[in-house]
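1. Structure, please.
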Amino acid sequence: MNRTELSKLAMNGGPKTRTQPFPGRSLIGPEEKAAVNALFDKAISTGEAFGYNGVEEEEYCKEFAEYMGGGYADAVNSGTSAVYVALRALDIEPFTEVIVSAITDPGGMMPVALMNCIPVVADSAPGKYNTDAEQIEKLISPLTSAIVVSHIGGEPCDIDKIVALGKKHNIPVVEDCSQSHGAKLNGKLLGTFGDIAAFSTMFGKHHCTGGQGGIVYTKREDLYWK
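-> Got it, this is the predicted structure:
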């Protein structure tokens with residue numbers, strides 16, 4: 001294949017880069033199936049339906065927090081709810097401003113509206129999907145009550161600098177780690193830099209709990225109990 005052939009787009013008759021469909025994104029296997037069946041077997045044998053805050057859920061939250069290096073975790077129904085719960089825990093006031101990333105899932109921005117706050121969009125850093133401290137600092141005002149920053153596609157933003165900026169202005173930082181499970185910056189897990197972190201655990205993520213799911217994580221006990 002010569003350079004001329006490569007320069008012609010597939011949509012215009014050029015060669016295809018990929019000739020086979022991408023594999024499915026399912027993370028469900030025999031182990032997960034057995035765990036779900038065990039829940040149904042237990043419910044049938046005891047006559048009690050499983051619900052919220054069961055033993056399995058509590059154990060999962062404990063293991064997640066341990067994986068993150070200690071702290072506290074609470075499972076919720078979606079990544080959107082995880083961001084919302086994180087903002088609620090921060091007790092931010094209605095009609096204040098929350099700085100958010102330009103490239104993010106709608107679930108990373110809608111919780112701001114649900115809090116009756118004003119989303120202020122920080123542009124992406126040049127050449128990147130993520131925003132950075134420089135873009136965020138331009139938008140800080142007396143009305144800024146929180147920063148929700150996303151790590152897109154597993155790539156860490158300069159979260160250490162963003163957290164330092166937040167501390168400088170006394171503004172809490174929420175890390176949206178929905179696309180960055182297990183990713184690290186300088187050897188430190190994303191989600192452990194800010195005041196509180198939100199994760200999506202839906203079926204398409206690197207770590208899933210079912211069709212939909214989410215989890216909130218923090219090292220601060222005061223935020224956990226809120």
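2. mind listing what's buried in whatever helix or strand Ala38 lives in?
-> Taking DSSP states H and E as the criterion, Ala38 maps to helix 30-46. For helix 30-46, the neighbour count (16 or more other C-beta atoms under 10 Å) marks no residue as buried. Heads up, the C-betas are built off the backbone N, CA and C, glycines and all.
3. Kindly report the same for stretch 67-82.
-> Of the residues in stretch 67-82, those buried (16+ other C-beta under 10 Å) are 68, 71-76, 78-82.
4. for these, which one is nearest Ser200?
-> Distance to Ser200, by C-beta to C-beta, is smallest for Gly79 among the buried residues of stretch 67-82, at 2.6 Å.
5. What are the phi and psi values at the closest one?
-> In terms of degrees, to the nearest 10, the main-chain angles of Gly79 are phi -70, psi -30.
6. about what we covered before: quick one: name whatever helix or strand follows the helix holding Ala38.
-> Heading C-terminal from helix 30-46 (DSSP H and E), you reach helix 55-67.
7. give me the number of residues near the closest residue to Asp158 other than its chain neighbours?
-> Nearest residue to Asp158 in three dimensions, chain neighbours excluded: Asp132, at 4.9 Å (C-beta to C-beta, 6 or more residues apart in numbering). When neighbours are counted by other C-beta atoms under 10 Å, Asp132 registers 21.
8. So for Asp132, what's the pLDDT?
-> Asp132 is assigned 97 on the pLDDT scale.
9. tell me the secondary structure for the most centrally placed residue in the chain?
-> In the chain, the centroid-proximal residue (C-alpha atoms, centre = their mean) is Ser178; its distance is 2.4 Å. What DSSP: H, G, I helix; E, B strand; the rest coil gives for Ser178 is coil.
10. Could you pull up the residues touching it?
-> Counting by C-beta atoms under 8 Å, 6 or more residues apart in numbering, Ser178 makes contact with 79, 82, 105, 107-108, 150, 198-200, 205, 214.
11. Select only the buried ones of those residues in ChimeraX?
-> The following ChimeraX line selects those of the contacts of Ser178 that are buried, judged by 16+ other C-beta under 10 Å:
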select :79,82,105,107,108,150,198,199,200,205,214
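12. Throw the contacts of Ser178 into JSON lines and include secondary structure, pLDDT and distance to Val121, thanks.
-> Putting the contacts of Ser178 into JSON lines (DSSP: H, G, I helix; E, B strand; the rest coil; pLDDT from 0 to 100; distance: C-beta to C-beta, whole Å) gives the following:
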{"residue": "Gly79", "secondary structure": "helix", "pLDDT": "95", "distance to Val121": "19"}
{"residue": "Ala82", "secondary structure": "helix", "pLDDT": "98", "distance to Val121": "20"}
{"residue": "Asp105", "secondary structure": "coil", "pLDDT": "90", "distance to Val121": "14"}
{"residue": "Gly107", "secondary structure": "helix", "pLDDT": "89", "distance to Val121": "15"}
{"residue": "Gly108", "secondary structure": "helix", "pLDDT": "89", "distance to Val121": "11"}
{"residue": "Ser150", "secondary structure": "strand", "pLDDT": "97", "distance to Val121": "12"}
{"residue": "Ala198", "secondary structure": "strand", "pLDDT": "98", "distance to Val121": "18"}
{"residue": "Phe199", "secondary structure": "strand", "pLDDT": "97", "distance to Val121": "22"}
{"residue": "Ser200", "secondary structure": "strand", "pLDDT": "96", "distance to Val121": "20"}
{"residue": "Lys205", "secondary structure": "coil", "pLDDT": "86", "distance to Val121": "24"}
{"residue": "Gly214", "secondary structure": "strand", "pLDDT": "96", "distance to Val121": "22"}
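13. No further questions, thank you.
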